[in-house]
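Trainee: task: produce atomic coordinates for the following.
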Amino acid sequence: MFDIFWRAVLIGIGATVLMDIWAIVYAKATGSALPNWAPVGRWFWHLKDGKFFHDDISAAAPYKHERALGWIGHYAVGILYGILLVLVVGPGWLAAPTFLSAWIWAIVTVGAGWFLLQPGLGIGWAASKTPNPNKVRFLNLVAHTIFGFGLYATAMLIR
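Mentor: Numbers count the residues shown, from 1 in each chain. Predicted coordinates:
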């Protein structure tokens, strides 16, 4: 059981690393900014007060280490998704990983961003308050597809 847990943790880390590499490549290729994890860290910080949704996270009281907390939260969520994947599909998946299972799970996890994190940051359900919500949604789906490939690839590497 302990072995299954640690492999699921590694799968979550590997997938998150691949998604971060994708973000760097995309930013360099398009000239767009890298993800800023500080607002996410601020959001995580305010969860301790029971505040899940903000009209504008930038108006919330800042936290000195919010960027670090954002990065930690980003990886903690990736690890949680790796563990949940193994719980959902069963530990047998670790012996014979399939991309389809990993990809479906990764697309399902977009829902947490669209219906919890994004409204929590004040950018609306599924980024509806952003200047180009469909672009944000598309990029979320692409990033989570990369994450799904990372789940699968990491599982293949450590099986």
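Trainee: and the helix or strand where L94 lies, how far out from the chain's middle?
Mentor: In the assignment (DSSP states H and E), L94 maps to helix 92-95. Put simply, helix 92-95 sits 23 Å off its chain's centre (CA atoms, centre = their mean, to the nearest Å).
Trainee: same question for stretch 76-95.
Mentor: Counting by CA atoms, centre = their mean, stretch 76-95 comes out at 14 Å from the chain centroid.
Trainee: and if you look at stretch 142-149?
Mentor: Its chain's C-alpha centre and that of stretch 142-149 lie 9 Å apart, by CA atoms, centre = their mean.
Trainee: for H65, which non-adjacent residue is spatially closest?
Mentor: Closest residue in space to H65, ignoring its immediate chain neighbours: G41 at 7.2 Å, by CB to CB, 6 or more residues apart in numbering. Placement of C-beta: from N, CA and C, glycine included.
Trainee: what's the average pLDDT for the strand or helix carrying the one you found?
Mentor: Element membership for G41 (DSSP H and E) is helix 38-47. The average pLDDT within helix 38-47 is 98.
Trainee: after that helix comes which helix or strand?
Mentor: For helix 38-47, the following helix or strand on the C-terminal side (DSSP H and E) is helix 66-89.
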